[in-house]
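> Need coordinates for the below:
(chains A and B)
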Amino acid sequence: METNNCSDNCVRGIRKPEWIERVEEREIVTSLAFIPDYNIVRNDRGYETSVNWQDNDRVIEFTLKQPTSQHGAALLPRKAIDEANKLPMSRDCLAYERKILNGNPYHGNIVFLKCSRSIVKMIAGTLALGVIQIFQPQGK
Amino acid sequence: MSAQSRHVNQMKDLNGLVSILGPSRATAIEPNSDNNNCFTFASCGIDGESGTWFGPSGLTLENMISARRGASVVVDALRSEAMPPGFYVLKTQLQSGTSLEAQPTKVHSRLSIVAGVVSTEPIDLLEKSRRINAILNPAIQGIKSFSNHRLIHDAKAIIDKLYEALTEFDLNSINKLMPLKAYENSEDMDECILLEWIYPHWRIGFSIEEDKEDSSWFLVSDAKAGSMQAAGALSLADFKWIIDWGIRRNR
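Down below sits the predicted model:
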């Protein structure tokens, strides 16, 4: 897994309206936003939550132009993933990688490893709490 | 003597009360510790009925899903908070499928008058029930638009349990909770309903899954709130404990 060339922050596209909620006058990402895609079967039997690594200032704009960011984008520090990975209940349940796609050199994944669906939901909640900024979709 | 006064006087007689309610009802009667001449009671019909409480001023406590729960709210309020003079009417209806949140459409006349209270203090019951409904209603309304009927059914059962657990807290504690939200995850391979209390530094979630074995609860907090994590099977959840954790985060 290509983990060494991941930037300090990653950006998660907010694809659905229910991935974001207004709480106490501010927008907060719901846990759903970080639940992995169970359709993709990996060799390591993990499940992927797709992100873009924030390599430069253009990544936010690039991400917001993607169809998977119709409702905005959430900025998550890599440190938040590392810290979640050290907590007793989610220790070593997470990994991350860069996985370049055609036309998207920033693309990567947060990978949920060897954990039950209940733990996945809990970790998704933990990651959602780690979001430090939400960017509005283009045109709003 | 007005019909209402006559009714209240009649209710002060326990034997009269039992004869009004009938032997088939589950009835809670508690003496008023401040006044030996007063007692309070709540009664509910058979399991599976839904009911709506009507206060003396005509206020309706909506989404009172079960009559038994209505009785427990009254009894709980009587234990912790004072109630006003007057009596209350619980209208019940037979539960019709999954439309628990529907307004009563068919009141069973035989079951119409089943609860009352005689006391001398101001009421807080209505406020408590209203507040609990305000917390749970966004989730109840939210799941109406979802597509998976089996998950909706299971989510309603969880909301039902949350209601019961919330009635065990006093009004000050209940007031610390924000509305519960419901979300549907309709992704292939991961259909679920997620009920979530979302705060900036912590959250509580209840995940209702296609495979009930996978249904779970979780609570998490960030570093500012102690970096806590917990999760467990939904079938074994201690809802009061989970809610209490959230209330304590908000102190």
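
> does residue B:135 really touch residue B:163, like I thought?
No - here residue B:135 does not reach residue B:163: they are 9.1 Å apart, not a contact under Cβ atoms under 8 Å. All C-beta spots, glycine's among them, are computed from the backbone N, C-alpha and C.

> From residue A:48, how far off is the closest residue to residue B:190 other than its chain neighbours?
Once flanking residues are discounted, residue B:190 sits nearest to residue A:38: 4.7 Å by Cβ to Cβ, 6 or more residues apart in numbering or on different chains. Note on residue A:38: its distance to residue A:48, by Cβ to Cβ, to the nearest Å, is 9 Å.

> Please list the residues outside the lowest-mean-pLDDT helix or strand in chain A that contact it.
Lowest on mean pLDDT, DSSP states H and E among the helices and strands of chain A sits strand A:20-23, with a mean of 90. Here strand A:20-23 makes contact (Cβ atoms under 8 Å, 6 or more residues apart in numbering or on different chains) with A:14, A:27-30, A:33, A:71-72, A:134, B:178, B:181, B:198-200.

> Please compute how far that strand lies from its chain's middle.
Relative to the mean C-alpha coordinate of its chain, strand A:20-23 is positioned 17 Å out (Cα atoms, centre = their mean, to the nearest Å).

> Return the helix or strand that that strand is followed by as PDB; C-alpha atoms alone will do.
Using DSSP states H and E, the helix or strand that directly follows strand A:20-23 along the chain is strand A:26-29. In PDB, the C-alpha atoms belonging to strand A:26-29 read as follows (Å, rounded to 0.1, in the frame of the first residue of the first chain):
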ATOM      1  CA  ARG A  26     -22.400  25.100  11.700                       C
ATOM      2  CA  GLU A  27     -22.200  22.400   9.200                       C
ATOM      3  CA  ILE A  28     -21.100  19.000  10.400                       C
ATOM      4  CA  VAL A  29     -20.300  15.900   8.400                       C
END
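
> Do the helix or strand that strand A:26-29 is followed by and chain B come into contact?
Later in the chain than strand A:26-29, the nearest helix or strand by DSSP H and E is strand A:47-53. No - Strand A:47-53 does not reach chain B (Cβ under 8 Å from any Cβ of the partner chain); its nearest approach is 9.0 Å.

> tell me the domain ranges of chain B?
Domains of chain B are assigned by automatic domain parsing as B:3-123, B:129-249.

> what's the least confident stretch among those?
Lowest mean pLDDT within these: domain B:3-123, at a mean of 36.

> re the thing from before, in JSON lines: the contacts of strand A:20-23, plus neighbour count and distance to residue B:155.
Below are these laid out as JSON lines (neighbours: other Cβ atoms under 10 Å in any protein chain shown; distance: Cβ to Cβ, whole Å):
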{"residue": "A:14", "neighbour count": "27", "distance to residue B:155": "23"}
{"residue": "A:27", "neighbour count": "16", "distance to residue B:155": "24"}
{"residue": "A:28", "neighbour count": "19", "distance to residue B:155": "21"}
{"residue": "A:29", "neighbour count": "25", "distance to residue B:155": "21"}
{"residue": "A:30", "neighbour count": "25", "distance to residue B:155": "16"}
{"residue": "A:33", "neighbour count": "26", "distance to residue B:155": "20"}
{"residue": "A:71", "neighbour count": "20", "distance to residue B:155": "23"}
{"residue": "A:72", "neighbour count": "23", "distance to residue B:155": "27"}
{"residue": "A:134", "neighbour count": "18", "distance to residue B:155": "27"}
{"residue": "B:178", "neighbour count": "15", "distance to residue B:155": "18"}
{"residue": "B:181", "neighbour count": "18", "distance to residue B:155": "12"}
{"residue": "B:198", "neighbour count": "24", "distance to residue B:155": "17"}
{"residue": "B:199", "neighbour count": "20", "distance to residue B:155": "21"}
{"residue": "B:200", "neighbour count": "13", "distance to residue B:155": "25"}
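
> What is the nearest of the residues you listed to residue B:241?
Comparing these against residue B:241 with Cβ to Cβ places residue B:199 closest, at 17.8 Å.

> which residue packs closest to residue A:51, ignoring adjacent ones?
residue A:10 (3.9 Å).

> Count residues in the vicinity of the one you found, would you?
As a burial measure, residue A:10 scores 27 neighbours (other Cβ atoms under 10 Å in any protein chain shown).

> For it, I want the exact helix or strand it lies within.
Counting by DSSP H and E, residue A:10 is part of strand A:9-13.

> any idea of the angle that strand forms with strand A:47-53?
With axes from the mean of the first three to the mean of the last three Cα atoms, to 10 degrees applied, the angle from strand A:9-13 to strand A:47-53 works out at 110 degrees.

> helices or strands next to strand A:9-13 in the packing?
strand A:47-53, helix A:59-64, strand A:73-77, helix A:78-84 (3 or more Cβ pairs under 8 Å, 6 or more residues apart in numbering or on different chains; DSSP states H and E).

> The first one: how far from the chain's middle?
It refers to strand A:47-53. The answer for strand A:47-53 is 5 Å, by Cα atoms, centre = their mean.

> Please apply the same query to the shortest one.
Mean-position distance between strand A:73-77 and its chain equals 7 Å (Cα atoms, centre = their mean).

> and that strand, what other elements does it pack with?
Against strand A:73-77 (3+ Cβ pairs under 8 Å, 6+ apart) you get strand A:9-13, helix A:59-64, strand A:133-135.

> and the last one with chain B, contact?
No - Strand A:133-135 does not reach chain B (Cβ under 8 Å from any Cβ); its nearest approach is 12.3 Å.

> What is the distance between the longest helix seen in chain A and the centre of its chain?
Determined from DSSP state H, the single longest helix within chain A is helix A:117-129. On the basis of Cα atoms, centre = their mean, helix A:117-129 sits 11 Å off its chain's mean C-alpha point.

> what angle separates that helix from strand A:47-53?
Computed by the same axes, to 10 degrees, the angle separating helix A:117-129 from strand A:47-53 equals 20 degrees.

> Quick one: list the elements packing against helix A:117-129.
strand A:47-53, helix A:78-84, strand A:107-112, strand B:190-198, strand B:202-209, strand B:216-221, strand B:229-233.
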